[in-house]
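Visitor: next input, structure requested:
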Amino acid sequence: MKNTSKFIIFILISTSFLSILKAQGIYGFSNSNYSGISGVIQNPDNAFGSCKFDLTLGVNAGYISNWIGISRSFLFVDFNKDSLLKRSTTKLIEGNAQRNFISSSRIIMPSFLIKINQKSAMAFQWSIRNYMNINSMDNELAKTLYNHMEYPSAYGKNSSAQQISASSHLWAEYGLTYAREILDNAQHNMTIGITAKFLQGIQSFYAQAKNFQYEVLSDSTMNIYSSTIEYGHSKNFSVNPFSAGYAMNSKPSLGFDLGINYFIKTEKYSNDIVDYLLKFSASLVDIGSIKYTKDNSNNFTANANKWNVRNLIFDYKQIAQNMDDTIKRKFGFLNAPNTYKMKLPTSLFLQADWRLSEKVYLNFTARLSRTNNTKIAFSKENAYFSIAPRIESIKDFSFSVPLYYYPIYRN
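Guide: Residues are numbered from 1 along each chain as shown. Below you'll find the model as predicted:
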């Protein structure tokens, strides 16, 4: 059973190890008036900022979980060996709440911003993005999986998970942004922006079970009671995103970002490039979904009595084929639609930026997820709330110390 539980957890965390290489916190830097493309990612209206031109390459990654903690040494684990979950690299986070897991990364390919004139600006952004989500796993199942089913406290208990889901999504997006000033007088200024994105789906996977009924009998056997699993993956799915290639394995899709900035001006800074006292911003990003065709996978009903799972072996290099063969042999696939849509991690950003003095600012930002957990296949961002004092010198220097609060979502 160790091979099986390691395979499950490997799927959950393998695409997240880039978080240890976190080189640039885009959300901390994007509050600056000179953030360029990084600011446009959070709010397309930031294209109409203080930069006349910006060219960007970058990497941003994040990992948050109330289930499994990982150490820096996890980066050096050999994924082909049993050392994957050795206790020196991972740790079970104690608690009784439902377990959630989010891993995300973004590689910003050559992207640029240019101010067209005093009233408008445009930008082009090209990103490769990867998300992994686990949602609403019950506490007993989380502990059982982490301990490779060697968890006697769970034996003989009839357990259920009201709704548990897992997903992985890797895609590229090519965005064209336009921002324009729509109001400007001595007291107020307002700008709006929109980004239209062409979405290239590279690979995706999802599984969701509602009212999942199970009983762990021992470290090698379990019962599953008539639980229907929504399941599917795209062509050539791999848990290693670096081996996924760059082919388009989805239908052509579109996505959108919308944003607005409102400024309260003051005569004190009327001669500065940045002339506001207060700025209020709102943006809705990652609106849309990507449509895929299922590859040798479909929904199934799991019903097993004293199923011996100890000898199940999954080769992570052929993980999709191994999963499909096991499901087909043990349960069979249902006759369900062979296409699915992966919902993007839609988020709402709300921001207030207060200029305390000539070079000192105080920023408040909230990110709220707008993705509904009732969707079958989706990526989701975790909410956060931040406060960030910032020193900003015209054009050549910006320094910020953002403090974040991340509440793990509960539904």
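Visitor: flag every buried residue along the longest strand belonging to the chain.
Guide: Using DSSP state E to define each element, the chain has its longest strand at strand 188-216. Of the residues in strand 188-216, 189, 191-195, 197, 199-209, 212-216 count as buried by neighbour count, 16 or more other C-beta atoms under 10 Å. Where C-beta positions appear, they are placed from N, C-alpha and C, glycine not excepted.
Visitor: how distant is it from the center of its chain?
Guide: 8 Å (C-alpha atoms, centre = their mean, to the nearest Å).
Visitor: please pull up the helix or strand immediately following that strand.
Guide: Going down the chain from strand 188-216, the next helix or strand is strand 221-233, by DSSP states H and E.
Visitor: relative to strand 188-216, how tilted is that following strand?
Guide: 140 degrees (axes from the mean of the first three to the mean of the last three C-alpha atoms, to 10 degrees).
Visitor: with just CA atoms, put strand 221-233 into PDB.
Guide: Provided in PDB are the C-alpha atoms of strand 221-233 (Å, rounded to 0.1, in the frame of the first residue of the first chain):
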ATOM      1  CA  THR A 221      -7.600  -3.500   2.600                       C
ATOM      2  CA  MET A 222     -10.600  -1.200   2.400                       C
ATOM      3  CA  ASN A 223     -14.200  -1.100   1.500                       C
ATOM      4  CA  ILE A 224     -15.800   1.500  -0.900                       C
ATOM      5  CA  TYR A 225     -19.600   1.800  -0.900                       C
ATOM      6  CA  SER A 226     -21.200   2.700  -4.200                       C
ATOM      7  CA  SER A 227     -19.500   6.100  -4.700                       C
ATOM      8  CA  THR A 228     -19.700   7.800  -8.100                       C
ATOM      9  CA  ILE A 229     -16.500   9.500  -9.100                       C
ATOM     10  CA  GLU A 230     -16.400  12.200 -11.700                       C
ATOM     11  CA  TYR A 231     -13.100  11.600 -13.400                       C
ATOM     12  CA  GLY A 232     -11.200  12.700 -16.500                       C
ATOM     13  CA  HIS A 233      -7.900  13.800 -17.900                       C
END
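Visitor: phi, psi for the residue of the chain positioned farthest from its centre please.
Guide: Distance from the centre of the chain peaks at residue 267, with 41.9 Å (C-alpha atoms, centre = their mean). Main-chain dihedrals, residue 267, degrees, to the nearest 10: phi -60, psi -20.
Visitor: specify the beta-bridge partners of residue 170.
Guide: residue 130, residue 203 (DSSP bridges).
Visitor: pull the number of nearby residues for it.
Guide: The number of residues packed near residue 170 is 26, by other C-beta atoms under 10 Å.
Visitor: from residue 227, how far off is it?
Guide: Computed as C-beta to C-beta, to the nearest Å, the residue 170 to residue 227 distance reads 28 Å.
Visitor: can you pull out the helices in the stretch 1-150 of the chain?
Guide: Along the stretch 1-150 of the chain, counting by DSSP state H, counting those that start in this stretch, helices occupy 2-13, 26-29, 37-42, 139-146.
Visitor: helix or strand: which one has residue 327?
Guide: Residue-wise, residue 327 maps onto helix 319-330 under DSSP H and E.
Visitor: now what about that helix, what contacts it?
Guide: Residues from elsewhere that reach helix 319-330, judged by C-beta atoms under 8 Å, 6 or more residues apart in numbering: 7, 11, 205, 231, 233, 236-239, 295-297, 300, 304, 307, 312-315, 333.
Visitor: returning to that earlier point: helices or strands up against the longest strand of the chain?
Guide: Under the contact criterion of 3 or more C-beta pairs under 8 Å, 6 or more residues apart in numbering; DSSP states H and E, strand 188-216 touches strand 158-184, strand 221-233, strand 253-265, strand 276-293, strand 339-343.
Visitor: list the buried residues in the longest one.
Guide: By that I understand strand 158-184. 160-161, 164-173, 175, 177-181.
Visitor: now the angle from it to helix 139-146?
Guide: Using the same axes, to 10 degrees: strand 158-184 against helix 139-146 is 100 degrees.
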